[in-house]
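**Q** build me a model:
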Amino acid sequence: MTGTWQLVRLALRRDRILLPVWVFFLVGVTYSTTTALEELYNTQQSRDLLGATANANSAFLAMLGPLHDWSSLGGLVVWRWGVFSGLFIAIMAMLVVTRHTRAEEEAGRTELVAATVVGRHAPLAAAVIVAGGTSLLIGLLQALALIGKDLAPAGAFAFGLSTASVGLVFTGVSAFTAQLSENSRVSNAIAGGFLGVVYLLRAAGDAAGESGPQWLTWFSPIGWTENVRSFADNRFWVLLLPLAAFVVLVGVSSYVVSRRDVGLGLLPARLGPPHSTISTPFGLAWRLQKGSLIGWSIALFAVGVIYGSVAQAVGQMVQDNPTLGQIVSKIGGADAMVDAFLATVTQLVGLIASIYLVQAILRLRSEETSFRAEPILATPVSRWSWVASHAVFALVGGAVVLAASGLGLGLVYGLQIDDVGGVVPKMLGAALAQLPAAWVIAGVALILFGLFPQLTGVSWAVVSVSLVITLLGPALQLDQWIIDVSPFTHVPKYPDITFGPLAWLTVVAVVLLAAGFAGFRRRDLTT
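**A** Just a heads-up that it's a prediction; the model follows:
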């Protein structure tokens, strides 16, 4: 363990932007959700109607889980935000642990550090301390934010600790998956796949009904947070399950670390085709990027399916809730509410897709810093063609993943209302309308890569800020000029999609991309 705290300080310095963004996002959404629900359901009658509607609808149960206590504002917050809070903190923990363990080994820096006075377990311990400590900090601040809204302290801490427990579990999961593969992307993919499985187990258990296999939720760390029943029973003993899982996973990971070679994984690296020839930059980029593109397309198709299954229930909720129906009738009835829901969903998938676009662009930087770009550019391959071969996966690949989400959304919702032929084209158009804004985010990433390569990590801060501003800006009552910073603010909302704003966003994206191309052609390669 020698050198652990020095590595912790190094990790905190490297993540001095990303970690505060994660903390601000998860705590800010908790506070803004509480404020919004307090205004929307300000009477006991409206809360009782919501409880009866939410717990009787299998689509809402699958998406948000059961509403255990609708008599209190805290119970509504747990129902509306608890599952998603767990998902986001799990993603944070996975990225942080993999970044400071397997990614460091892959880059060769772990071996260099290990040659100094640093113990074999120190890198893993430092990553676990940073990710686990951040999870606990987020949970504590969420609890304080709820207490600041005059909610019961016991329920607030039950909710905060349950959210932190998911972060701890996936800190352990990522510590273990980092031992499996030699590649950080594969490690993240395995951990992400496990997250998808436990989310589906929770959804299946929640939607099963009283006669179904509700016990499935007990096999999911996200389901454990629901079974804490914050603001209802406050069953703190359930938190012993994620704590035990964390201890076991970290213990197994530390055991494996001491018995494998640096840079190697438990799973053998897969060999490429014996007679494959890659003769073009695009062929190489396809080989490197195709797995990510396929994975993101499948994931966003699944997101579309999940939200599509809930769309009809939004309209049904209006019919079952007379008070809410009177409010909604003023803006056009249940159809208007469904349209508003679909507009929010397509905007959300656009924000999620922008993460893929940035990931595709930043593959250029990882190739450069891993010394793989220099031998390629020493051949007749031009810088322009090399950058373009990866940029196409951001520009065209972004359209593919957005189309996948629109297809999933349109198919499921269209089947529910018996109008697949009419709904699918609309949902495809609404999803693809987010593409120019995502291109702007990709353009920012490319201009940082071309002109300021040491600052390419800021691209993730740009994505995070855009997500926070777009989703939380109105709720936090930010000034309009701040909200306008996010390119997604300027995308016309479904169903009133116009092409003028999309054309301007495309022009901005082209300018940024061109500047990024020009900047890389004029700078030296860096390490």
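**Q** helix/strand/coil for the closest residue to Ala164 other than its chain neighbours?
**A** Spatial nearest neighbour of Ala164, excluding adjacent residues (C-beta to C-beta, 6 or more residues apart in numbering): Gly139 at 2.9 Å. C-beta here means a position set from N, CA and C on the backbone, and glycine is covered the same way. At Gly139 the chain is in helix, as set by DSSP: H, G, I helix; E, B strand; the rest coil.
**Q** ok, now how distant is Gly139 from Leu73?
**A** 19 Å (C-beta to C-beta, to the nearest Å).
**Q** please, where are all the strands along the stretch 151-300 of the chain?
**A** Shown for the stretch 151-300 of the chain, no strands are assigned by DSSP state E, counting those that start in this stretch.
**Q** my bad, should have said the chain
**A** Counting by DSSP state E, the chain forms no strands at all.
**Q** for the longest helix seen in it, what is the distance to the chain centroid?
**A** Taking DSSP state H as the criterion, the chain has its longest helix at helix 281-320. Centroid separation between helix 281-320 and its chain, computed with C-alpha atoms, centre = their mean, to the nearest Å, is 12 Å.
**Q** just checking, what packs against that helix?
**A** Contacts defined by 3 or more C-beta pairs under 8 Å, 6 or more residues apart in numbering; DSSP states H and E place helix 281-320 against helix 44-56, helix 58-64, helix 184-207, helix 322-329, helix 334-369, helix 383-417, helix 420-432.
**Q** picking up where we left off before, hmm, Leu168 and the residue nearest to Ala164 touching each other?
**A** No: in terms of C-beta atoms under 8 Å, Gly139 does not count as a neighbour of Leu168; the distance is 9.3 Å.
**Q** and the two? which has more neighbours close in?
**A** Neighbour comparison, Gly139 and Leu168: the larger count goes to Leu168, with 29 against 25 (by other C-beta atoms under 10 Å).
**Q** for Gly132, see how far away the spatially closest residue to that one that is not a sequence neighbour is.
**A** When the adjacent residues along the chain are set aside, Leu168 lies closest to Phe246, with 4.3 Å between them (C-beta to C-beta, 6+ apart). Taken as C-beta to C-beta, the spacing of Phe246 relative to Gly132 amounts to 7 Å.
**Q** ok, now Ala514?
**A** Relative to Gly132, Ala514 is positioned 43 Å away (C-beta to C-beta).
**Q** and Gly205, how many neighbours does it have?
**A** Using other C-beta under 10 Å, Gly205 is surrounded by 23 other residues.
**Q** correction: the previous question concerned Asp479.
**A** By other C-beta under 10 Å, the residues close to Asp479 number 8.
**Q** tell me the buried residues in stretch 10-20?
**A** Within stretch 10-20, the residues that qualify as buried by neighbour count (16 or more other C-beta atoms under 10 Å) are Leu10, Ala11, Asp15, Leu18, Leu19.
**Q** over to stretch 229-241?
**A** Neighbour-count burial for stretch 229-241, counted by 16+ other C-beta under 10 Å, picks out Arg229, Ser230, Phe231, Ala232, Asn234, Val238, Leu239, Leu241.
**Q** got the CA coordinates for that stretch in CSV?
**A** Output of stretch 229-241 as CSV, limited to C-alpha atoms (Å, rounded to 0.1, in the frame of the first residue of the first chain):
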residue,chain,number,x,y,z
ARG,A,229,-37.7,2.5,1.3
SER,A,230,-36.4,5.9,2.1
PHE,A,231,-38.9,8.2,3.7
ALA,A,232,-41.2,5.2,4.3
ASP,A,233,-39.7,2.4,6.4
ASN,A,234,-36.0,3.7,6.2
ARG,A,235,-34.7,0.1,6.3
PHE,A,236,-31.0,0.9,6.8
TRP,A,237,-30.1,-2.8,7.3
VAL,A,238,-30.5,-3.3,3.5
LEU,A,239,-27.4,-1.2,3.0
LEU,A,240,-25.4,-4.0,4.5
LEU,A,241,-25.9,-5.9,1.2
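**Q** where in this structure is pLDDT low?
**A** Scanning the chain for pLDDT under 70 picks out 57-60, 209-212, 272-277, 313-337, 472, 475-477, 527.
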